[in-house]
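*Asks:* can you look at this prediction? I've put the sequence above it.
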Amino acid sequence: MIIFNNLILSEVPVNKKVKNWIVKAILNENLKEGEVNYIFCDDNYLSELNIKYLKHNTLTDIISFDYTIGKIISGDIFISIERVKENAELFNTKYVDELHRVMIHGVLHYCGYKDKTDEEKTQMRSKEDYYLSLRDF
């Protein structure tokens, strides 16, 4: 089950089609959908989580807590809408495209993809691009 939780006042463009797209990506990776919670928040909220749980005092667009067991994908994905909007401008892309990239990025981590090394980052970006290309909405 994909669940969207909005902790901010602005509207976040997510719907059933976005849920279905995420589920298709999980199934395409030969894994099963468990419970994936997306929590849309602001910089302050995400920064507090970053400091408390990861001991990082930096701004970030996403933090994910992975509860995957075996092949069943589950976790909490916190996304700063402020960071996503700023990054969309920085990378000269549409806000909704950057949002979807960050959303699928979190799920790809649960699928086993990493992004620490240059090689891992390249593979992650390739997977993000692939799944973004499969959107039919």
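*Replies:* Cool, the structure landed.
*Asks:* contact partners for the residue nearest in space to the middle of the chain?
*Replies:* In the chain, the residue lying closest to the centroid (C-alpha atoms, centre = their mean) is residue 103, at 2.6 Å. Counting by C-beta atoms under 8 Å, 6 or more residues apart in numbering, residue 103 touches 14, 18, 22, 38, 77, 79. Heads up, the C-betas are built off the backbone N, CA and C, glycines and all.
*Asks:* please apply the same query to residue 5.
*Replies:* 37, 38, 39, 40.
*Asks:* quick one: which of the residues you listed is nearest to residue 51?
*Replies:* residue 39 (16.7 Å; C-beta to C-beta).
*Asks:* give me the pLDDT for that closest one.
*Replies:* Turning to residue 39, the model gives it a pLDDT of 97.
*Asks:* what's in contact with the strand or helix carrying it?
*Replies:* Using DSSP states H and E, residue 39 sits in strand 32-41. Strand 32-41 is touched from outside by 1-8, 12, 14, 22-23, 26-27, 67-69, 71-81, 103, 106-107, 110, with contacts defined as C-beta under 8 Å, 6+ apart.
*Asks:* mind checking which of those are buried?
*Replies:* Neighbour-count burial (16 or more other C-beta atoms under 10 Å) applied to those gives 2, 12, 14, 22-23, 26, 68, 73-81, 103, 106-107, 110.
*Asks:* low-scoring stretches of the chain, by residue?
*Replies:* Within the chain, no stretch has pLDDT under 70.
*Asks:* tell me where it has helices.
*Replies:* 16-28, 43-54, 81-90, 95-110, 118-133 (DSSP state H).
*Asks:* tell me which strands and helices the third one is in contact with?
*Replies:* With contacts taken as 3 or more C-beta pairs under 8 Å, 6 or more residues apart in numbering; DSSP states H and E, helix 81-90 sits against helix 43-54, helix 95-110.
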